[in-house]
Every structure is written in C-alpha cells, then in structure tokens.
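Q: need a structure here:
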Amino acid sequence: MTEPAPESGREIRISAGLFLLTLVSVYLTYGWLWRPGSPFSDADNMRDSAVFAVALMAILSAHEFAHYWVARRHGFSLSLPYFLPFPFAFGTLGAVIRLRSLPKSRTALLEMGAAGPIAGAVLAFVCIAWGLGGTVELGPPEQGGELLIFGNPPAMDHLGSIVYGQIPGRYDHLTPLAMAGWVGCFLTALNLIPVGQLDGGHILTALTPKWSPLISKLVLLALLVAGYFLWEGWAVWAALLFAMGAWESLEVPDSPGLTRRARAVALVTAGFFVLCFMPQPIEEETIPVTVVETPP
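A: Residues are numbered from 1 along each chain as shown. Take a look at the predicted model:
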C-alpha cells in the first residue's frame, strides 16, 4: 500500500488557522446568542462560553481526525480537516476534508465513513454524562413568550437515567458542557443520514454499491417530507445536500467485498445513529402568560 504524501506547510497553516477562527466563532456565538449578556460581560459568561467552545471543538476534532487517520491507514490521499466558522446557530458549520483519491475498496470507504461519527459521538456522550450534573431544573416561564425547546437524544435520556437517576426535562437549562454534547449528537445524526457523500452515505455505498444511488434519492425525498411533518430543518438539509451535489455517491469497486470487521463497524455505527437521532431536534413553543389574580 502506497503511503499518502505528507501535508504541505501551507496546508497545515490553513487548517490550523481555520481551527482557531472556528474556536473563536463558537466562543463568541455561544456567548452572545445562548447566554444573557455577552461572552465578555462577566466571569461566568466567559467561563461558560469557553467550556462550550472547547468541548464542541474537541468533539468536532475527534470526528474529523478519526476520518483522517483511518483514511490514511487505508491509503487515501486527502486534505487535513478545514473547519468552517459560522457566526450563527452554534458558531460553526463543522468541517470538510477533501478526498484526492477514490476509495480502493468497500471496506476502506465504510471504515473511513464510520470512524468520524463513532469518535465524535463517544466524546459527545462523555460531555453529556459529565455536564448533566449541573443541569438546572426549570418549569415553563411565568412571563410566557416564544421558546426554543431542544429535544433529548436517546443517549441523553439513557445517560441521565443511569448516572443521575433522572432525564432532563422539557424546560431544563443544560450546562455548556451538556449542550456541547447535545450539538455533538445532533451533528452525528445529521452526518449518518444515508445520503450520498455524508458519512452515512459512504457506509450505505460500501454496503450496497448497486442500490445506494437509488436509496440516497429516496432518503433525500423522505427528508423533504419530514421537513413538512416533523422539523423544517430536514427540508433545509435536503436542499443544501442537493445544491452542493453531495447527494451523489462516491464510486467504489464491487470487489473485494466487505470484511467481517467492516460489517461489525457498520452495525456499531447504526447503534450510534439510533442513540443520537432526534425526529424533532428543535421545537418552538408558545408559553401563555401566567396571570396572577390579586384578591380584592
């Protein structure tokens, strides 16, 4: 097996620079959008923003470098991860790795695709288990108004029940560490959807090269339908995948077939998908104003 060429100094500098920019973007975005005040208003905000940023970037780094390491072990030629800052939502659009060579076998494609979600999800579970300890129990706000409700991934329910004897409630406020774990689960589930060049699409292609293009199209259609009935974000995700051409599967040789290890990895990855997937990750709820009557 030919050893892939080492990265150039320029590529390393670009990758490191984008990582630092994304870290800053995540820090600032969390501090301004998800905390009262700003990421510089007081010590608590600065600490919480830093915890969230470091935890989320650790999860993303585990995901991307697991892809990178396994791909190189299989002889892929590929770029370093390029992290993408985005000053909305949670401060990042994740990261991309450019493949410079096609997979040499179905096993190589499957293990590369599965490595990232497994590594990222494991670290996300650690963040959830550790972070749930400081979760603040809240009820519906008395002042009413519009609320964003974050659904619990099954992993959060299981970990909360096992470690603390209770699961986070609908209106509970997650700690920054647990919130980073939630985002990690959300991104893992997004990536494991079996479409085209997503991680789940790579696994699907490796399992069934013949049928993966058709299945990818059907799943893309299902996402559009889910965007109407469950959560609008599914339709947005489907539109983005179509616009970027990411719904098209990579080419992979039919033979040799998958190894037993690769089939076991696929089964394990399916389990992680189940633990991370949320049909309605985010909901909007209108809380009526509580009127307290004063006795005459």
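
Q: Below-threshold pLDDT in the chain: ranges please.
A: The model of the chain has pLDDT under 70 over residues 1-7, 135-145, 289-296.

Q: Just the strands from it, written as ranges.
A: Secondary structure of the chain, counting by DSSP state E: strands at 82-85, 92-96, 145-150, 282-287.

Q: mind checking which of these is nearest residue 262?
A: Checking these against residue 262 by Cβ to Cβ gives strand 92-96 as the closest, at 24.0 Å. For every residue, glycine as well, the C-beta is placed using N, CA and C.

Q: Show me what the closest one pairs with in its sheet, parallel or antiparallel.
A: Strand 92-96 pairs in its sheet with strand 82-85 (antiparallel), by DSSP bridges.

Q: Mind listing residues that contact stretch 173-185?
A: Outside of stretch 173-185, the residues within contact range by Cβ atoms under 8 Å, 6 or more residues apart in numbering are 30, 34, 48-49, 51-52, 55-56, 59-60, 90, 120-121, 123-136, 138, 150, 153, 155-156, 168, 275-276, 278.

Q: Just the buried ones from these?
A: The neighbour count (16 or more other Cβ atoms under 10 Å) marks 30, 34, 48-49, 51-52, 55-56, 59-60, 90, 120-121, 123-132, 135, 150, 153, 155-156, 168, 275-276, 278 as buried among the contacts of stretch 173-185.

Q: Show me what the closest residue to residue 170 other than its chain neighbours is bridged to.
A: On the basis of Cβ to Cβ, 6 or more residues apart in numbering, the spatially nearest residue to residue 170 that is not a chain neighbour turns out to be residue 149, at 6.0 Å. When bridges are called by DSSP bridges, residue 149 pairs up with residue 283.

Q: Touching, residue 149 and residue 287? I think so.
A: No. In terms of Cβ atoms under 8 Å, residue 149 does not count as a neighbour of residue 287; the distance is 10.1 Å.

Q: what's around the closest residue to residue 27 other than its chain neighbours, how many residues?
A: Ranked by Cβ to Cβ, 6+ apart and with sequence neighbours excluded, the top spatial neighbour of residue 27 is residue 53, at 3.9 Å. A total of 26 residues lie near residue 53 under the criterion other Cβ atoms under 10 Å.

Q: Distance check, residue 53 against residue 60.
A: Distance from residue 53 to residue 60, counting by Cβ to Cβ, to the nearest Å: 11 Å.

Q: who touches residue 167 in this structure?
A: Remark: with contacts taken as Cβ under 8 Å, 6+ apart, residue 167 is in contact with 152, 156-157, 160-161.

Q: One more: residue 54?
A: Under the contact definition (Cβ under 8 Å, 6+ apart), the residues listed for residue 54 are residue 23.

Q: what's the spacing between it and residue 36?
A: 21 Å.

Q: Which residue of residue 149 and residue 287 possesses the greater neighbour count?
A: Looking at residue 149 and residue 287 with other Cβ under 10 Å, you find the greater number of neighbours at residue 287, namely 15 against 12.

Q: Could you give the bridge partners of the more buried one?
A: With DSSP bridges applied, residue 287 shows beta-bridge pairing to residue 145.

Q: Look up how far residue 232 lies from it.
A: 20 Å.

Q: cool, and residue 112?
A: Separation of residue 112 from residue 232 (Cβ to Cβ) stands at 31 Å.

Q: cool, and residue 157?
A: Distance of residue 157 to residue 232, computed by Cβ to Cβ: 24 Å.
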